[in-house]
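Asker: Got a predicted structure here, sequence first:
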Amino acid sequence: MRTVVATALLVVCLGGRGNEQTASPSDPADPSASSPSATATASATASADPEPAWRAEYWHDVAVEVPGDWWFGSAPLRLPQAGDVDLYCGWGATYSPAGDRAGPREAMRVQPGYVGRPVPLDDTCENVAQSASVPVEPYLWFDSPFPIGVRRLAEGWVEQTWELEGTRMTVATTDDEVRRHVVGSAVGGATCLANRGDLLDPSSEVVPPEDEEDLVCAYRRERGEAWLTYATPLDRERAQRFVAAFDAAPDQDLPAGRACDLGGDDEWVVVQVAGTAYVVRPQLHGCPHVQGDGRTVGLTEALVEPWSTGGVPAVLLSRQP
């Protein structure tokens with residue numbers, strides 16, 4: 001697993017963000033000046049080409065659609081040990097849509113785009129304020145550090161930043177249709193609970209899902225709260241494999257005290273299957289386990305593989321190599 005340590009941070013300065021023009025949110029190029037439905041209609045009629053497949057991406061209390069072939073990666077974040085500086089700890093598209101980490105050759109290729117969340121995916125960090133003038137790949141960043149509005153960069157790149165439900169997002173692309181669709185698709189509310197206080201106390205009763213939909217919901221500790229970082233439907237075959245592995249696993253008694261560091265979790269995965277919520281506690285240090293249906297079992301690869309797909313590996317530090 002990669003760990004970011006203050007003294008180990010390598011901040012790379014790659015030059016200024018030059019050749020840019022700033023437009024206000026009411027700029028005609030800014031689709032947030034019109035309603036999402038009007039934007040979607042305009043985008044649909046702007047070209048005779050069929051739209052690409054889109055998928056929903058979730059963060060905290062927002063949902064946004066992006067092209068289905070976009071990868072997963074990091075987004076700028078602020079580390080307390082690095083001071084009041086926005087750092088990018090990654091290299092763009094890192095995990096494929098299927099959840100496979102890019103190998104050495106794939107890491108050198110330019111991918112169709114990626115969805116970035118403020119999770120460090122590499123030890124080498126870059127000062128965003130001194131980064132390259134134009135992006136290498138299209139992206140959507142959650143918790144963006146940029147001001148709201150539209151910025152026109154060099155080589156046809158347009159970077160738009162907007163805010164919804166307390167989350168600031170930036171989309172950067174050379175394709176205006178894609179940009180308008182992404183911004184116009186953003187809605188509040190998510191398919192999983194955005195904030196779960198029941199995850200912070202391992203002895204508390206897990207709140208069951210409100211519906212029967214099979215889902216994977218990943219959470220991280222932020223400012224003392226458990227916030228949603230990723231969500232995706234879980235197909236029937238994977239759901240059945242997870243439940244079968246859970247049913248076959250022996251019960252585990254968790255010792256009290258510091259031996260298992262109970263309550264010290266920083267990330268969780270809630271697997272919802274047929275109206276039952278299973279809480280996966282990966283725990284970097286302690287006793288990784290799964291709780292659900294009145295039982296506690298040890299965490300094994302058979303209980304990880306079914307849900308570790310899509311963007312899940314990109315948001316869990318416990319799944320990093």
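Answerer: Alright, I've got the coordinates.

Asker: Over the longest helix along the chain, what's the mean pLDDT, rounded is fine.
Answerer: When the chain is parsed with DSSP state H, its longest helix is helix 236-248. Average pLDDT, helix 236-248: 97.

Asker: List the buried residues in it.
Answerer: 238-239, 241-243, 245-246 (16 or more other C-beta atoms under 10 Å). Where C-beta positions appear, they are placed from N, C-alpha and C, glycine not excepted.

Asker: Does whatever helix or strand Gln272 lives in pack against any helices or strands, and if so which?
Answerer: Using DSSP states H and E, Gln272 maps to strand 267-273. Applying 3 or more C-beta pairs under 8 Å, 6 or more residues apart in numbering; DSSP states H and E, one finds that strand 267-273 makes contact with strand 215-222, helix 236-248, strand 276-281.

Asker: Throw those into a markdown table and include distance to Ala93, thanks.
Answerer: Formatted as a markdown table, the helices and strands packed on strand 267-273 follow (distance: least, C-beta to C-beta, whole Å):
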| stretch | distance to Ala93 |
| --- | --- |
| strand 215-222 | 19 |
| helix 236-248 | 24 |
| strand 276-281 | 26 |
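
Asker: quick one on the thing from earlier: who's in contact with the longest helix of the chain?
Answerer: 214, 234, 271, 273-274, 278, 290, 292-293, 295, 297, 300, 302-303, 305-307, 309 (C-beta atoms under 8 Å, 6 or more residues apart in numbering).

Asker: which among those end up buried?
Answerer: The buried subset of the contacts of helix 236-248 (16+ other C-beta under 10 Å) comprises 214, 234, 271, 273, 278, 290, 292, 297, 303, 306-307, 309.

Asker: Output the below-cut-off pLDDT ranges for the stretch 151-300 of the chain.
Answerer: The model of the stretch 151-300 of the chain has pLDDT under 70 over residues 190, 256-259, 261, 263, 284.

Asker: those helices in it, which residues are they?
Answerer: 176-185, 236-248 (DSSP state H, counting those that start in this stretch).

Asker: got the angle for the last one vs strand 267-273?
Answerer: Translated: helix 236-248. Helix 236-248 and strand 267-273 are oriented at 110 degrees to each other (axes from the mean of the first three to the mean of the last three C-alpha atoms, to 10 degrees).

Asker: show me the contacts for the residue nearest to the spatial centre of the chain.
Answerer: Nearest to the geometric centre of the chain sits Arg117, at 4.4 Å (C-alpha atoms, centre = their mean). Shown in contact with Arg117 (C-beta under 8 Å, 6+ apart): 59, 72, 74-75, 142-143, 229-230, 311, 314-315.

Asker: any idea of the pLDDT on it?
Answerer: pLDDT for Arg117: 97.

Asker: what does Glu20 give?
Answerer: 46.

Asker: Can you name the residues bridging to Leu77?
Answerer: Leu87 (DSSP bridges).

Asker: before we move on, what about Arg55?
Answerer: Per DSSP bridges, the residues bridged to Arg55 are Val66.

Asker: I'd say Ala249 and Glu301 touch.
Answerer: No - using C-beta atoms under 8 Å, Ala249 is not in contact with Glu301; the gap is 11.5 Å.

Asker: residues near the closest residue to Gly275 other than its chain neighbours, how many?
Answerer: Closest residue in space to Gly275, ignoring its immediate chain neighbours: Glu212 at 5.1 Å, by C-beta to C-beta, 6 or more residues apart in numbering. The tally of other residues near Glu212 (other C-beta atoms under 10 Å) stands at 10.

Asker: and if you look at Leu164?
Answerer: Neighbour number of Leu164 under other C-beta under 10 Å is 17.

Asker: thought it was touching Ala186?
Answerer: Yes - look at Leu164 against Ala186 with C-beta under 8 Å: they come within range, at 5.2 Å.

Asker: what sits in contact with each of the two?
Answerer: Joint contacts of Leu164 and Ala186 (C-beta under 8 Å, 6+ apart) are Val62.
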